[in-house]
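Asker: Okay, sequence plus prediction incoming.
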Amino acid sequence: MQKSGVGITITQHILNQQRQYPEATGAFTNLLNELIVAAKVISREVNKAGLVDILGSTGEINIQEEQVQKLDVFANRVIIERMQHIGELCCMGSEEVADLINIPSQYPKGNYILLFDPLDGSSNIDVNVSIGTIFSIYRRTNEGSDEVLLDEVLQRGIKQVAAGYFIYGSSTIMVYTTGNGTGVHGFTLYPSVGEFLLSHENIKIPEKGKIYSVNEGNYNYWDEKTRALVDYFKAKDKETGRPYTSRYVGSLVADFHRNLLKGGIFMYPADLKDPKKPHGKLRLMVEANPLAMVVQEAGGYASDGQGPILEVEPKELHQRTPLFIGSKRDVELAEEFISGKRS
Ligand code: P6P
């Protein structure tokens with residue numbers, strides 16, 4: 001029989017996964033579904049950016065000391081306003097907001113914590129390069145307590161109950177995982193249908209890639225081990241498939257998503273460019289941890305150069321970390337260089 005050409009919706013997929021947990025109350029399903037609505041709203045604005053006055057910067061500087069883009073503010077507001085009233089969260093944390101975001105007293109609280117980067121890659125918004133929303137979900141550790149302490153939020157990445165991202169590019173795609181062997185799945189938004197439909201089932205990243213992604217403009221700010229690592233990927237050696245191809249968009253979600261599907265390694269090493277950011281530019285809680293959960297569930301690996309990202313004990317909500325993420329064998333090799341086991 002002719003297929004309708006319309007795959008399983010994300011809503012049905014989440015419900016199918018929920019059915020595997022008899023004790024599930026539907027809270028997580030409700031949370032994810034509302035986040036998907038927020039992403040659809042953001043996608044619509046991103047895709048019409050340029051037609052309306054939503055491009056450009058607001059003139060403000062955010063907690064990361066970066067120019068705040070109007071779409072950043074919009075995306076941040078959409079997620080907070082949509083998620084705060086559903087009764088599934090005890091708090092939120094946003095890359096755009098210095099402190100924890102409490103749930104207003106007029107709304108019911110739940111037992112989940114949502115951390116997110118509302119629009120990563122925002123410096124690329126007005127040049128039409130793919131950007132994305134990254135999300136990380138934890139269960140609170142002190143259920144029932146009225147006050148949410150930062151300690152409940154600062155959990156190791158290994159404790160995430162779900163993680164994923166939306167990439168707003170030539171199409172809008174959602175990639176997520178709930179871990180525990182449930183796999184990594186991608187869904188493409190069909191604007192005419194208004195639904196995310198399963199398009200990339202059970203994504204597995206190649207064990208070894210042929211792509212390296214890094215901003216080589218920082219070469220003179222790296223230490224010797226980092227330079228040796230990047231020089232390794234550029235050196236000629238037929239046996240190990242080198243030199244690798246260099247691909248760097250400058251939008252984490254775009255670089256990560258390409259490497260997830262094709263194989264390869266993305267690197268944002270520590271650099272001496274900004275003394276205030278000795279541990280690199282990317283954030284542990286809203287960028288490295290969620291993407292590390294996705295890549296490891298897809299058979300890859302994510303390291304800070306010394307060990308697994310998912311095992312890093314967070315100390316601050318916005319702490320930064322060096323990030324080496326992608327194909328398992330490539331990231332393990334990076335770890336050998338950065339930790340000094342190999343030169
Ligand atoms: P650089 C975008 O601003 C971002 O946070 C990530 O999306 C991206 O991977 C990185 O910064 C790019 O940084 O220093 O290479 O421009």
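Answerer: Happy to help now that I have it.

Asker: What ranges does the chain have for its helices?
Answerer: Using DSSP state H, the helices of the chain run over 10-18, 27-48, 70-83, 150-153, 224-234, 252-262, 289-297, 328-338.

Asker: and those helices, which is most packed in?
Answerer: Comparing the helices of the chain by mean neighbour count (mean count of other C-beta atoms under 10 Å), helix 289-297 comes out on top with a mean of 27. From N, CA and C alone the C-beta is placed, and that goes for glycine too.

Asker: Tell me what angle that helix forms with helix 252-262.
Answerer: Going by axes from the mean of the first three to the mean of the last three C-alpha atoms, to 10 degrees, helix 289-297 is angled at 0 degrees with respect to helix 252-262.

Asker: Ala38 is in contact with Ile80, isn't it?
Answerer: No: using C-beta atoms under 8 Å, Ala38 is not in contact with Ile80; the gap is 9.1 Å.

Asker: ok, Gln20 - contacts?
Answerer: Thr182 (C-beta atoms under 8 Å, 6 or more residues apart in numbering).

Asker: do you know how far it is from the ligand?
Answerer: Gln20 is 33 Å from the ligand, where distance means C-beta to the nearest ligand atom, to the nearest Å.

Asker: Then His85?
Answerer: On the measure of C-beta to the nearest ligand atom, His85 and the ligand end up 29 Å apart.

Asker: Likewise for Val295?
Answerer: According to C-beta to the nearest ligand atom, Val295 stands 15 Å off from the ligand.

Asker: now the helices of the chain as JSON lines including mean pLDDT?
Answerer: Formatted as JSON lines, the helices of the chain follow (pLDDT from 0 to 100):
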{"stretch": "helix 10-18", "mean pLDDT": "89"}
{"stretch": "helix 27-48", "mean pLDDT": "92"}
{"stretch": "helix 70-83", "mean pLDDT": "93"}
{"stretch": "helix 150-153", "mean pLDDT": "94"}
{"stretch": "helix 224-234", "mean pLDDT": "97"}
{"stretch": "helix 252-262", "mean pLDDT": "98"}
{"stretch": "helix 289-297", "mean pLDDT": "98"}
{"stretch": "helix 328-338", "mean pLDDT": "98"}
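
Asker: Please render those helices as JSON lines that adds distance to Ala98 to the earlier fields.
Answerer: What follows is those, written out as JSON lines (distance: least, C-beta to C-beta, whole Å):
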{"stretch": "helix 10-18", "distance to Ala98": "32"}
{"stretch": "helix 27-48", "distance to Ala98": "21"}
{"stretch": "helix 70-83", "distance to Ala98": "12"}
{"stretch": "helix 150-153", "distance to Ala98": "12"}
{"stretch": "helix 224-234", "distance to Ala98": "30"}
{"stretch": "helix 252-262", "distance to Ala98": "21"}
{"stretch": "helix 289-297", "distance to Ala98": "19"}
{"stretch": "helix 328-338", "distance to Ala98": "30"}
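
Asker: OK, contacts around the residue lying closest to Arg258 once chain neighbours are set aside?
Answerer: Nearest-residue entry for Arg258: Arg247, 6.5 Å, with adjacent residues in sequence omitted and distances by C-beta to C-beta, 6 or more residues apart in numbering. By C-beta under 8 Å, 6+ apart, the contact set of Arg247 is Ile211, Tyr212, Ser213, Asp255, Arg258, Gly264.

Asker: Repeat that for Glu332.
Answerer: Residues in contact with Glu332, defined by C-beta under 8 Å, 6+ apart, are Tyr301, Ser303.

Asker: Next, count neighbours for whichever residue of the stretch 1-150 of the chain sits closest to the ligand.
Answerer: Nearest residue of the stretch 1-150 of the chain to the ligand: Gly121, at 4.0 Å (C-beta to the nearest ligand atom). Gly121 has 22 neighbouring residues, counting by other C-beta atoms under 10 Å.

Asker: what's the answer for Gly186, then?
Answerer: 21.

Asker: what does Gly181 give?
Answerer: Around Gly181 there are 7 residues (other C-beta under 10 Å).

Asker: got it, and the one 4 residues further on?
Answerer: Using other C-beta under 10 Å, His185 has 24 neighbouring residues.

Asker: Ok, Leu282 next?
Answerer: Neighbourhood size, Leu282 [other C-beta under 10 Å]: 20.

Asker: what about Asp223, distance to the ligand?
Answerer: Here Asp223 is placed at a distance of 17 Å from the ligand (C-beta to the nearest ligand atom).

Asker: Show me which residues of stretch 156-168 are buried.
Answerer: Arg156, Gly157, Gln160, Val161, Ala162, Ala163, Gly164, Tyr165, Phe166, Ile167, Tyr168 (16 or more other C-beta atoms under 10 Å).

Asker: avg pLDDT for that stretch?
Answerer: If you average the pLDDT over stretch 156-168, you get 97.

Asker: and it with the ligand, contact?
Answerer: No: judged by C-beta under 6 Å from any ligand atom, stretch 156-168 stays clear of the ligand, getting no closer than 10.9 Å.
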